[in-house]
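Asker: Here is my input; please provide its structure:
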Amino acid sequence: MIPGRRQISCLPDDVLRQLFETASRGDRKTALALALASRASQHWIDEVLYSEVVLRSKNATRLFLRTIQTSHLKPPTFFSTVVKTLVICPDLGPSSISILLSTCRSIVNLSYWPLRPSSTALPEYHFGDSTVSSTLGLSAVLGPPFAPHQNINTSSPNPQNVTFEQALLPSPRRLSVIFQEEHSLPYFRPPLFRSPFLSNVTHLSVVNPWEEWTLWVQAGMLTSAMPSLTHVKFELCVGQEPSGPQDLPSPWSNKITKVADALTDVLQWGLALRVCVLVLRFDIEPTKTAKFISHLTFPKPPISEEDAADMTREERQKPGFDARLVFAWEKEPFRYNYAHSVQERKLWKAAEMVVNAQRITSGYGMLNCDRLP
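Answerer: Take a look at the predicted model:
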């Protein structure tokens, strides 16, 4: 007999469950071992293991889809209620993406960074002679996934305008994404429209290069599609400023101007925004870059009674200043964060602290991504 096993078995189930789940979250090998201890513990541990699904490769996605098909011992609603975090393989085809989203409908954190247009994605995974969707019977249980040509423009929040297919999709709160104009699925393709899929997003990390996001954030498009948006983050690969006097605007100065204009638009239209972060990459003088951009950014913060209460007199009177705009310096050029990552949560928390500090000082600071609290 294992020492202490009798004492452990005498503990109430709720205490045992808390102990098992705490140990499982600390180490995956421990979680797999505890899952074999008993049928009850397997149920507890499965909820921990599948709460976070990270599919970085085609093979991992294939195995997960097979698990969905063959998990006859799990309740029918297991994956739709347990999975809270999902990272989608960048090479996955649109049909498989739709199946993942329609299966995992309680997602809170979603990350999807497609590497190429979905029309050139890797072939869909098949079980034998049937596709995943037909084998899983999702057409009968969950309804069909979105057709590539389907438009989900639902500018009206009236629930009667929500189709059955839209109701099958999750409504994540934290989204890290690369939008693509060529994408077959409309909820990943700009221009964005209001839909149940985007309606609850509060934290958005746009991983697109500046040449793309500066085009489709104008005219309030972003905040109109995401009415719950309070935190947004953009990326900018700065590069080196040309040296010496310049008679004509350089490509570098044009880039800075376009970014400043786009940020102005986001801040002006985003009345509910609390934080707008611009991450500066490949920049040897980030403070200087932030100064250039801030001088070209002329946001008009909302001055309704509710908003004015959160703003100092100096902030309301100082032109071209908005405390919600936070500049962040990322020295690691290829470090990008998933929506659920610890680094991402630290960045949002630190950015909120910077906003509060900027409201007091009425000036911009610089957030160092290597020194997040």
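
Asker: which secondary structure elements does the helix or strand hosting R66 contact?
Answerer: Element membership of R66 [criterion: DSSP states H and E] is helix 58-70. Counting by 3 or more CB pairs under 8 Å, 6 or more residues apart in numbering; DSSP states H and E, the packing neighbours recorded for helix 58-70 are helix 94-103, helix 132-136. C-betas here are computed from N, CA, C, even on glycine.

Asker: in whichever helix or strand comes after it, what counts as buried?
Answerer: Read in the C-terminal direction, the helix or strand following helix 58-70 is helix 78-82, with elements assigned using DSSP H and E. Within helix 78-82, the residues that qualify as buried are F78, F79, S80, V82, counting by 16 or more other CB atoms under 10 Å.

Asker: For the helix or strand that helix 78-82 is followed by, C-alpha coordinates in CSV please.
Answerer: Past helix 78-82, further along toward the C-terminus, the next helix or strand under DSSP H and E is strand 85-88. Extracted in CSV, the C-alpha atoms of strand 85-88 (Å, rounded to 0.1, in the frame of the first residue of the first chain):
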residue,chain,number,x,y,z
THR,A,85,-7.9,28.8,-24.2
LEU,A,86,-7.2,27.9,-27.8
VAL,A,87,-4.2,28.5,-30.0
ILE,A,88,-5.0,27.6,-33.6
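
Asker: Strand 85-88 pairs with which strands, parallel or anti?
Answerer: Strand 85-88 has these partner strands in its sheet, going by DSSP bridges: strand 52-54 (parallel), strand 109-112 (parallel).

Asker: could I get those strands as JSON lines with distance to E330?
Answerer: Formatted as JSON lines, the entries for the strands paired with strand 85-88 read as follows, by distance: least, CB to CB, whole Å:
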{"stretch": "strand 52-54", "distance to E330": "22"}
{"stretch": "strand 109-112", "distance to E330": "17"}
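
Asker: Flag whichever of these has the least confidence on average.
Answerer: Ranked by mean pLDDT, the strands paired with strand 85-88 bottom out at strand 52-54, with a mean of 92.

Asker: need the contact list for V177.
Answerer: Contacts were defined as CB atoms under 8 Å, 6 or more residues apart in numbering; by that measure V177 touches L110, S111, Y112, W113, F188, L204, S205, V206, V207.

Asker: So which residues of the stretch 151-300 of the chain form helices?
Answerer: Under the criterion DSSP state H, counting those that start in this stretch, the stretch 151-300 of the chain contains helices at 164-167, 210-216, 221-225, 251-269, 286-296.

Asker: from those helices, which stretch is densest packed?
Answerer: Using mean count of other CB atoms under 10 Å, the stretch among the helices of the stretch 151-300 of the chain with the greatest mean number of neighbours is helix 221-225 (a mean of 21).

Asker: Check which helices and strands that helix is in contact with.
Answerer: If contacts are counted by 3+ CB pairs under 8 Å, 6+ apart, helix 221-225 sits against helix 251-269.

Asker: now the helix it packs on and helix 286-296, what's the angle there?
Answerer: 60 degrees (axes from the mean of the first three to the mean of the last three CA atoms, to 10 degrees).

Asker: For helix 251-269, which outside residues touch it?
Answerer: Helix 251-269 has contacts (CB under 8 Å, 6+ apart) with 210, 213-214, 217-220, 222-224, 232, 234, 236, 239-242, 246, 249, 273, 276, 278, 289, 292-293, 296-301, 322, 324-325.

Asker: try 7 Å
Answerer: Counting contacts by CB atoms under 7 Å, 6 or more residues apart in numbering, the residues outside helix 251-269 that touch it are 210, 214, 217-218, 220, 222-223, 232, 236, 239, 241-242, 273, 276, 278, 292-293, 296-300, 322, 324-325.

Asker: Any of those buried? List them.
Answerer: By the neighbour-count criterion of 16+ other CB under 10 Å, those include these buried positions: 210, 214, 217, 222-223, 232, 236, 241, 273, 276, 278, 292-293, 296-299, 322, 324-325.

Asker: can I get the strands paired with strand 85-88 in a markdown table with mean neighbour count?
Answerer: As requested, those are arranged in a markdown table below (neighbours: other CB atoms under 10 Å):
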| stretch | mean neighbour count |
| --- | --- |
| strand 52-54 | 17 |
| strand 109-112 | 24 |
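
Asker: that older thread, among the helices of the stretch 151-300 of the chain, which is nearest S341?
Answerer: Nearest of the helices of the stretch 151-300 of the chain to S341, taken as CB to CB: helix 210-216 at 20.6 Å.

Asker: Contacts only, for the nearest residue to L101 once chain neighbours are set aside.
Answerer: The shortest distance from L101 to any residue that is not its chain neighbour, by CB to CB, 6 or more residues apart in numbering, is 5.3 Å, and that residue is L169. With contact taken as CB under 7 Å, 6+ apart, L169 is in contact with L101, S102, P196, F197.

Asker: what's the pLDDT at the closest residue to V232 other than its chain neighbours?
Answerer: Nearest residue to V232 in three dimensions, chain neighbours excluded: L204, at 4.8 Å (CB to CB, 6+ apart). pLDDT, the model's per-residue confidence, is 97 for L204.

Asker: ok, back up a step: now the helix holding R66: buried residues?
Answerer: By neighbour count, and taking 16+ other CB under 10 Å as the criterion, the buried residues in helix 58-70 are K58, T61, R62, F64, L65, I68.
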